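Peer 1: Build the 3D model from these lines:
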Amino acid sequence: MHVRAATRGSALARWQADRLSALIVAARPGTTVEIVVVETTGDLDRTTPLEQMGGQGVFVKEVQAAVLEGRADVAVHSAKDLPALTPDALVLAAVPERADPRDALVGCRFDDLAVGATVATGSIRRRAQLAHWRPDLEFASLRGNIGTRLAKLDGPDGFAAIVVAAAALDRLGLTPTVVDLLDQSVLLPQVGQGALAVECRSDDGLLLELLAAVDDPAAHRTVAAERAFLAELGAGCDLPVAAHAVLVDGSVLGGGPDGDLRLTGSVSSTDGTVLLIDERTGSDGPGMGRAVARSLLDERGGSALLGR
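Peer 2: Residues are numbered from 1 along each chain as shown. Here you go, the predicted model:
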């Protein structure tokens, strides 16, 4: 069997596609995987803030289109980049694995940031949550691949630190001198952060069977719960929302495939002055995701924060 895997062209995206290829070949020896590189809106425009570009979807729509148009068989994404809703003809067929979902502050430890220090990030989720705990901080917009962002620490902009996904550092083997892995009590991760997501056509039975062989049930459960939260909010990465699910054993990587999940979700004002958090535990991940979202919207004032 020959599989064409569509992906973005960044170093991290290529790593993810190569990782999927290795998992497929290990699970089904004799299968060959061809990498199809696709340029996305987010890749072509590296300066406009994501929230002004429509938020989630700017890194995935063209990759999805490659599958829908028959130029590729599967689409490989960072799960955190996926919009809340999957196109009708596609299905999230596999979440092969999940790395550390936390955010990393690079350049300075959070507790050591000076009063008025400038932290660079292109994420309004990160800005809002950090500003909630440290309203004295200044924030600068920063986009580009992870190498470009890390290089800014040594540039003339005067950034005290930048915020990146811990998984990106791990996967690319990057070891900055100062890395502070932020606990979710300080910075709750983006929905799906640290996870790979693989989509294929919903009517492709052979591929669905193949991808089931590389799926991690525990990782898939946590991501499904978080995505249900996002879908119920009707929000993307252009709004300051976050969610993270773990097995009740507390494993940051998702634990085993069975047992209850604990889901924490948040909605905040864009300036961080208001941060609403709710948490539920149970076996129905998507149901909990929807329940946490409804609680934040209907009982905690989230609807007003989101302008509804």
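
Peer 1: What are the boundaries of the helices in the stretch 101-250 of the chain?
Peer 2: 124-133, 146-151, 166-172, 205-212, 217-233 (DSSP state H, counting those that start in this stretch).

Peer 1: Next, the buried residues of the third one.
Peer 2: Pointing back at helix 166-172 there. Ala166, Ala167, Ala168, Leu169, Arg171, Leu172 (16 or more other C-beta atoms under 10 Å). Every C-beta, even on glycine, is put in place using the N, C-alpha and C of the backbone.

Peer 1: What of the first one?
Peer 2: Of the residues in helix 124-133, those buried by neighbour count under the rule 16+ other C-beta under 10 Å are Ile124, Arg125, Arg126, Arg127, Ala128, Gln129, Leu130, Ala131, His132.

Peer 1: ok, now the second one?
Peer 2: Neighbour-count burial for helix 146-151, with 16+ other C-beta under 10 Å as criterion, is recorded at Ile146, Arg149, Leu150.

Peer 1: Pick the one among those closest to Leu210.
Peer 2: Leu210 lies nearest to Ile146 out of those, by C-beta to C-beta, at 29.9 Å.

Peer 1: picking up where we left off before, out of the buried residues of helix 166-172, which two sit at the greatest distance?
Peer 2: Top of the distance list for the buried residues of helix 166-172 (C-beta to C-beta): Ala166 and Leu172, 11.4 Å.

Peer 1: Show me where the protein has its strands.
Peer 2: 2-7, 32-37, 74-78, 90-94, 103-106, 118-120, 138-140, 161-165, 179-181, 196-201, 241-247, 261-268, 275-282 (DSSP state E).

Peer 1: export those to JSON lines and tack on mean neighbour count, mean pLDDT and distance to Leu208?
Peer 2: Formatted as JSON lines, those follow (neighbours: other C-beta atoms under 10 Å; pLDDT from 0 to 100; distance: least, C-beta to C-beta, whole Å):
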{"stretch": "strand 2-7", "mean neighbour count": "20", "mean pLDDT": "96", "distance to Leu208": "12"}
{"stretch": "strand 32-37", "mean neighbour count": "16", "mean pLDDT": "96", "distance to Leu208": "16"}
{"stretch": "strand 74-78", "mean neighbour count": "26", "mean pLDDT": "95", "distance to Leu208": "10"}
{"stretch": "strand 90-94", "mean neighbour count": "21", "mean pLDDT": "97", "distance to Leu208": "6"}
{"stretch": "strand 103-106", "mean neighbour count": "26", "mean pLDDT": "97", "distance to Leu208": "33"}
{"stretch": "strand 118-120", "mean neighbour count": "22", "mean pLDDT": "95", "distance to Leu208": "41"}
{"stretch": "strand 138-140", "mean neighbour count": "16", "mean pLDDT": "95", "distance to Leu208": "43"}
{"stretch": "strand 161-165", "mean neighbour count": "24", "mean pLDDT": "94", "distance to Leu208": "28"}
{"stretch": "strand 179-181", "mean neighbour count": "17", "mean pLDDT": "97", "distance to Leu208": "35"}
{"stretch": "strand 196-201", "mean neighbour count": "24", "mean pLDDT": "97", "distance to Leu208": "7"}
{"stretch": "strand 241-247", "mean neighbour count": "26", "mean pLDDT": "94", "distance to Leu208": "24"}
{"stretch": "strand 261-268", "mean neighbour count": "25", "mean pLDDT": "96", "distance to Leu208": "24"}
{"stretch": "strand 275-282", "mean neighbour count": "17", "mean pLDDT": "96", "distance to Leu208": "28"}
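
Peer 1: need those strands in JSON lines with distance to Asp298, can you?
Peer 2: Listed next are the strands of the chain as JSON lines, based on distance: least, C-beta to C-beta, whole Å:
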{"stretch": "strand 2-7", "distance to Asp298": "39"}
{"stretch": "strand 32-37", "distance to Asp298": "43"}
{"stretch": "strand 74-78", "distance to Asp298": "31"}
{"stretch": "strand 90-94", "distance to Asp298": "27"}
{"stretch": "strand 103-106", "distance to Asp298": "28"}
{"stretch": "strand 118-120", "distance to Asp298": "33"}
{"stretch": "strand 138-140", "distance to Asp298": "30"}
{"stretch": "strand 161-165", "distance to Asp298": "31"}
{"stretch": "strand 179-181", "distance to Asp298": "34"}
{"stretch": "strand 196-201", "distance to Asp298": "29"}
{"stretch": "strand 241-247", "distance to Asp298": "15"}
{"stretch": "strand 261-268", "distance to Asp298": "12"}
{"stretch": "strand 275-282", "distance to Asp298": "11"}
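
Peer 1: out of these, nearest to Gly307?
Peer 2: Closest among the strands of the chain, using C-beta to C-beta: strand 261-268, at 11.5 Å.

Peer 1: Direction-wise, compare the closest one with strand 275-282 and give the angle.
Peer 2: 160 degrees (axes from the mean of the first three to the mean of the last three C-alpha atoms, to 10 degrees).
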